[in-house]
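Engineer: Provided below for reference: sequence and predicted model.
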Amino acid sequence: MSVFDVLTLFGGLAMFLYGMRLMGNALKEGSSGALKRALEGVTNNAFKAFLLGVAVTAIIQSSTATIVITSGLVAAGIISLNQSLGIIIGANVGTTVTGQIIRLIGVNEDSSSWLQIFKPSTLAPVALIIGIILIMGVKIPRAKTIGSIAMGFGILFSGLLSMTNAVDSLAETGVFEGMFSKLGENPFIGYTIGATVAFILQSSSAAVGILQAFSASGGLTFSATYAVIVGIYLGDCVTTAIVCSIGAKAEQKRVGAVNILYNLCKSALVLIVVGVLKSLGVLDDIWNSVATPGSIANSNSLFNLACALALLPMLRVFEKASKKIVKDDPVHEFKYHEKVEALNTAFFSTPALALRSCYDALLTMFYASRDNISRGLDMLRSYNDKTYKAVQDEEDNIDQLADRVSQYLVQLAGYLTAEEHVEILNHYYKIVNEFERLGDHAKNIADTAAELHERQTPFSEIALSELEIVEGLINRILDFTEEAFKKRDVDAAYKIEPLEEVVDDLVVVLRDNHMTRLAKGKCNVVAGTDFMDLLGDIERISDICSNIGLATVTRVNPELANKTHDYTYFLHSGRDEEFNKEYEAAHKEYFDKINHLLKTED
């Protein structure tokens with residue numbers, strides 16, 4: 001044995017772990033949208049949830065990721081703790097798929113010709129070649145993601161090859177033979193080793209993969225490996241529980257607690273059954289048989305599947321136990337605390353879920369700001385102290401939401417690799433500021449109403465009637481703004497700009513009308529300044545909606561991102577027929593209403 005053999009072993013281990021992480025991250029990145037929809041669609045049927053957990057984990061190659069994402073969905077209120085239980089057990093079964101893939105290292109030269117294709121020495125270079133071609137030479141969507149999956153797969157198998165070659169060299173020294181014999185004599189040692197390795201690596205798949213690589217030495221037996229496999233279950237679930245508990249609410253921590261309880265029961269069940277079968281002589285034929293990558297993969301899958309079927313009926317017991325272990329959170333006073341809780345760092349590994357949480361919070365901000373605008377305008381005619389207090393409280397909520405979303409987006413940025421996700425994040429970062437400004441102007445309108453009430457200087461009936469006409473146009477703009485953001489509706493976004501231009505025209509006319517009324521003594525001079533300020537807030541609201549619409553247009557048409565000024569100038573210059581048509585129709589509609597109002601006044 002030389003130091004070079006040891007270096008080769010650990011170098012292969014490093015390649016294996018990196019390849020597994022690269023492949024897993026790319027799989028999560030590429031399937032995040034489907035993953036989000038699948039997990040959100042879980043039902044109260046425990047068996048369906050179990051199958052979903054198996055499928056999702058088999059796809060993303062990580063039970064830890066599946067369970068952490070599930071805990072985030074529980075925290076966000078998208079699914080309940082009860083609905084998550086089947087997913088947790090399914091995730092423990094789904095993670096065994098990785099071991100079945102890694103068993104390919106057992107394919108040898110004596111295998112049938114078609115199986116030679118699956119030899120790691122064949123798969124590794126093929127996967128690496130495909131991966132580098134997709135990453136560097138193909139410019140189609142998702143090529144980089146698929147290329148990363150292939151590269152991870154190739155690096156993983158290259159690492160396995162290095163490890164098995166090093167193990168073969170080290171096996172000749174007799175060191176492994178002595179070490180492995182002790183594992184067979186004392187299952188507790190194997191259990192402890194398995195738990196420790198899985199805890200350190202934070203991956204049961206990686207721990208089982210390493211065990212499979214060591215089995216290439218031929219010194220491992222079933223008696224030496226089964227306890228290691230069982231120990232891996234505990235080490236992995238403790239890591240998962242720790243990740244689920246960082247900065248988490250009670251329901252989220254309970255997901256991690258259920259996973260630990262389930263794996264403790266699973267470990268005990270396997271150890272007891274294996275012990276009973278051994279004492280009955282059922283396992284005599286395989287007890288000292290040489291373990292292979294295939295037999296280890298099969299044992300792992302069999303243990304997990306059998307325990308899952310046996311323990312599925314105990315889901316309610318696990319749920320009740322977790323609630324006794326983890327106490328309820330204190331009651332939150334913040335109105336939108338569930339939206340804030342949904343901004344969970346557990347979703348960083350699955351950007352589609354993280355961005356969906358941001359979307360929900362942003363939509364909540366928009367609705368809250370719009371409601372405040374409506375309340376503020378209503379108070380100009382009929383002031384109410386409770387309504388004014390409600391506007392103030394809601395503005396505080398909007399500000400808190402804006403701060404949390406902004407912070408979350410900044411944190412999330414470092415985890416995004418897909419260009420699509422980066423574009424969405426940049427879009428949301430612009431929008432959060434716009435929605436906060438909507439809330440600010442809503443509060444300004446409410447403050448104006450409060451000042452008018454306090455001074456007992458209300459606007460004249462004609463001024464209020466003019467404002468009602470403008471309010472109708474503002475509501476129409478807000479409708480299109482909602483559609484533009486909510487559904488990424490470009491048609492709705494296009495309709496905002498001509499209406500915003502009509503608002504600008506109306507504001508000019510209303511200011512002139514108000515100055516005329518002031519000159520004739522028809523309006524209170526003290527209220528005159530407030531009226532002008534109010535028109536300024538209304539104009540700013542329409543400007544903000546224009547910015548939101550423009551952000552939607554540029555997100556769908558990225559080529560306009562650096563040409564927004566030229567784009568808006570082109571529209572306002574009268575060279576776009578559709579814009580002109582929309583503008584002229586809206587201009588006639590609302591100015592006819594103003595003119596009719598003025599004639600009625602005269």
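Structural biologist: Structure received. Treat the numbers as computed from the prediction; the structure is a model and nothing was measured. Numbers count the residues shown, from 1 in each chain.

Engineer: how about the strands in the stretch 101-250 of the chain?
Structural biologist: For the stretch 101-250 of the chain, applying DSSP state E, counting those that start in this stretch gives no strands.

Engineer: now it, which segments are flagged as low pLDDT?
Structural biologist: 104-120, 141, 160, 164-185, 202, 216-217, 239, 243-248 (pLDDT under 70).

Engineer: try the stretch 301-450 of the chain
Structural biologist: Along the stretch 301-450 of the chain, the parts satisfying pLDDT under 70 run over 329-334.

Engineer: for it, which segments count as helices?
Structural biologist: Under the criterion DSSP state H, counting those that start in this stretch, the stretch 301-450 of the chain carries helices at the ranges 315-325, 337-341, 351-379, 385-413, 419-455.

Engineer: which helices and strands sit right next to the last one?
Structural biologist: Read that as helix 419-455. On a contact count with 3 or more CB pairs under 8 Å, 6 or more residues apart in numbering; DSSP states H and E, helix 419-455 meets helix 351-379, helix 385-413, helix 525-556. No exception for glycine: its C-beta is placed from N, CA and C like everyone else's.

Engineer: still on that earlier bit, Ala14: which of the helices of the stretch 301-450 of the chain is closest?
Structural biologist: Minimum separation from Ala14 across the helices of the stretch 301-450 of the chain (CB to CB) falls at helix 351-379, 26.6 Å.

Engineer: list the buried residues of the closest one.
Structural biologist: 351-366, 368-370, 372-379 (16 or more other CB atoms under 10 Å).

Engineer: wasn't Asn259 part of a helix?
Structural biologist: Yes: assessed by DSSP: H, G, I helix; E, B strand; the rest coil, Asn259 belongs to a helix.

Engineer: surely it touches Asp236?
Structural biologist: No: assessed by CB atoms under 8 Å, Asn259 is found out of contact with Asp236, at 9.0 Å.

Engineer: tell me how many other residues surround Ala26.
Structural biologist: Neighbour count for Ala26, taken as other CB atoms under 10 Å: 25.

Engineer: helix or strand: which one has it?
Structural biologist: For Ala26, the element it lies in under DSSP states H and E is helix 3-40.

Engineer: I'd like the next helix or strand past that helix.
Structural biologist: With elements assigned by DSSP H and E, the helix or strand that comes after helix 3-40 is helix 46-60.

Engineer: report all helices and strands that that next one contacts.
Structural biologist: In terms of contacts (3+ CB pairs under 8 Å, 6+ apart), helix 46-60 is packed against helix 3-40, helix 63-75, helix 81-94.

Engineer: let me see the mean pLDDT of the first one.
Structural biologist: In this case it means helix 3-40. Helix 3-40 shows a mean pLDDT of 68.

Engineer: if we can go back for a sec, how about the helices of the stretch 301-450 of the chain, which one is nearest Ile200?
Structural biologist: Of those, the one closest to Ile200 (CB to CB) turns out to be helix 315-325, at 25.0 Å.

Engineer: that closest one to helix 81-94, inter-axis angle?
Structural biologist: Angle of helix 315-325 versus helix 81-94, following axes from the mean of the first three to the mean of the last three CA atoms, to 10 degrees, is 110 degrees.

Engineer: buried ones in helix 315-325?
Structural biologist: Applying a neighbour-count criterion of 16+ other CB under 10 Å, the buried positions in helix 315-325 are 315, 318-319, 322-323.

Engineer: residues in contact with it?
Structural biologist: The contact list for helix 315-325, computed with CB atoms under 8 Å, 6 or more residues apart in numbering, reads 46, 81-82, 85-86, 89, 254-255, 257-258, 261-262.

Engineer: one more pass at 10 Å, please.
Structural biologist: 46, 49-50, 80-82, 84-86, 88-89, 250-251, 253-262, 265, 311, 314 (CB atoms under 10 Å, 6 or more residues apart in numbering).

Engineer: make a ChimeraX selection of the buried ones in those.
Structural biologist: Here is the ChimeraX command that picks out the buried ones among the contacts of helix 315-325, judged by 16+ other CB under 10 Å:
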select :46,49,50,81,84,85,86,88,89,250,251,253,254,255,256,257,258,259,260,261,262,265,311
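
Engineer: before we move on, which element is Phe459 in?
Structural biologist: Phe459 is located outside every helix and strand, with elements delineated by DSSP H and E.

Engineer: where's it relative to Cys307, distance?
Structural biologist: According to CB to CB, to the nearest Å, Phe459 and Cys307 sit 73 Å apart.

Engineer: repeat for Ser322
Structural biologist: Ser322 sits 18 Å away from Cys307, taking CB to CB as the criterion.

Engineer: which neighbours do Asn259 and Asp236 share?
Structural biologist: Counting by CB under 10 Å, 6+ apart, the contacts common to Asn259 and Asp236 are 63-64, 67, 92.

Engineer: closest one to Ile477 out of those, please.
Structural biologist: Distances from Ile477 to the shared contacts of Asn259 and Asp236, taken by CB to CB, are shortest for Ile67, at 44.6 Å.

Engineer: and that closest one, how many residues sit next to it?
Structural biologist: Neighbours of Ile67 under the rule other CB under 10 Å: 30.

Engineer: my guess is it meets Val258, correct?
Structural biologist: Yes: taking contacts as CB atoms under 10 Å, Ile67 lies within contact range of Val258: 9.2 Å.

Engineer: now do the shared contacts for these two.
Structural biologist: Common contacts of Ile67 and Val258 (CB under 10 Å, 6+ apart): 84, 88, 237, 241, 244.

Engineer: closest one of the residues you listed to Leu13?
Structural biologist: Nearest to Leu13 out of these is Cys237 (CB to CB; 22.5 Å).

Engineer: how about that closest one, nearest residue that isn't a chain neighbour?
Structural biologist: Using CB to CB, 6 or more residues apart in numbering and skipping the chain neighbours, the partner closest in space to Cys237 is Asn263 (4.0 Å).

Engineer: now do stretch 63-70, average pLDDT.
Structural biologist: Mean per-residue pLDDT for stretch 63-70: 76.

Engineer: ok, the closest residue to Thr364 other than its chain neighbours - how many residues close by?
Structural biologist: Leaving out its chain neighbours, the residue that sits closest to Thr364 by CB to CB, 6+ apart is Lys339, at 5.3 Å. By other CB under 10 Å, 24 other residues sit near Lys339.

Engineer: okay, Lys339 and Leu17: tell me how far apart.
Structural biologist: Distance, Lys339 to Leu17, by CB to CB: 37 Å.

Engineer: and if you look at Asn444?
Structural biologist: Distance of Asn444 to Leu17, given as CB to CB: 56 Å.

Engineer: Ala127 against Gly152, yeah?
Structural biologist: Yes: the criterion here is CB under 10 Å, and Ala127 meets it with Gly152 at 8.4 Å.

Engineer: joint contacts of those two?
Structural biologist: Residues touching both Ala127 and Gly152 (CB under 10 Å, 6+ apart): 19, 23.

Engineer: mind listing what's buried in the strand or helix carrying Val470?
Structural biologist: Taking DSSP H and E as the definition, Val470 sits inside helix 461-487. For helix 461-487, burial by neighbour count (16+ other CB under 10 Å) applies to 462-463, 465-467, 469-471, 473-474, 476-478, 480-485.
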